[in-house]
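J.: could you work out the structure for the sequence below:
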Amino acid sequence: MLNNLPAGQQVYLVTGYTDLRRSIDGLAMIVQGQLHLDPFNTALFLFCGRRRDRIKGLLWEGDGFLLLYKRLDNGQFQWPRNETEARLLTPQQTRWLLEGLMIEQPKAIREGKPGALY
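T.: Modelled structure (predicted):
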């Protein structure tokens, strides 16, 4: 499911460490209390523990919450460990994250200068 998110789905990455023993209510309290966001909107909130080999996702579906859990067999997620904040990810950043890459990638091709001709 995480690899096939609908187009336009907002995804928030919750930085820092999260105790993954928390249930739906505990994760919703983090979203509402610490991040000052509405857990009842249609965004997917992703949380990661200290080991970085598993993530939890919280998604409101209109009639209830969906709790997603993913554990990697080999490898770790490249998760930002700075203070707790929510970062809105682009679809490309979401793909990079789920493929085990960093969400901040250097640009392979530098931007051109408009009007510069060779």
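J.: restricting to C-alpha, output whatever helix or strand Leu13 lives in in CSV.
T.: Leu13 belongs to strand 11-14 when assigned by DSSP states H and E. As requested, C-alpha coordinates have been extracted for strand 11-14 and formatted as CSV (Å, rounded to 0.1, in the frame of the first residue of the first chain):
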residue,chain,number,x,y,z
VAL,A,11,2.5,12.5,3.2
TYR,A,12,4.0,14.0,6.4
LEU,A,13,7.2,12.6,7.7
VAL,A,14,7.5,13.0,11.5
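J.: after that strand, which helix or strand is next?
T.: Helices and strands here follow DSSP H and E; after strand 11-14, the next one along the chain is helix 24-29.
J.: CA-only coordinates of stretch 22-42, as PDB, when you get a sec.
T.: Once non-C-alpha atoms are left out, stretch 22-42 reads as follows in PDB (Å, rounded to 0.1, in the frame of the first residue of the first chain):
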ATOM      1  CA  ARG A  22       2.200   3.700  20.600                       C
ATOM      2  CA  SER A  23      -1.200   2.800  19.200                       C
ATOM      3  CA  ILE A  24      -3.500   4.800  17.000                       C
ATOM      4  CA  ASP A  25      -4.500   7.100  19.800                       C
ATOM      5  CA  GLY A  26      -0.900   7.800  20.900                       C
ATOM      6  CA  LEU A  27       0.200   8.600  17.400                       C
ATOM      7  CA  ALA A  28      -2.800  10.800  16.800                       C
ATOM      8  CA  MET A  29      -2.000  12.700  20.000                       C
ATOM      9  CA  ILE A  30       1.600  13.300  18.700                       C
ATOM     10  CA  VAL A  31       0.100  14.800  15.400                       C
ATOM     11  CA  GLN A  32      -2.400  17.000  17.300                       C
ATOM     12  CA  GLY A  33      -0.400  17.900  20.400                       C
ATOM     13  CA  GLN A  34       3.200  18.200  19.400                       C
ATOM     14  CA  LEU A  35       2.900  19.000  15.700                       C
ATOM     15  CA  HIS A  36      -0.300  21.100  15.900                       C
ATOM     16  CA  LEU A  37      -1.700  19.300  12.800                       C
ATOM     17  CA  ASP A  38      -5.100  17.800  12.300                       C
ATOM     18  CA  PRO A  39      -4.900  14.000  12.400                       C
ATOM     19  CA  PHE A  40      -8.500  13.800  10.900                       C
ATOM     20  CA  ASN A  41      -7.400  15.300   7.500                       C
ATOM     21  CA  THR A  42      -6.600  12.800   4.700                       C
END
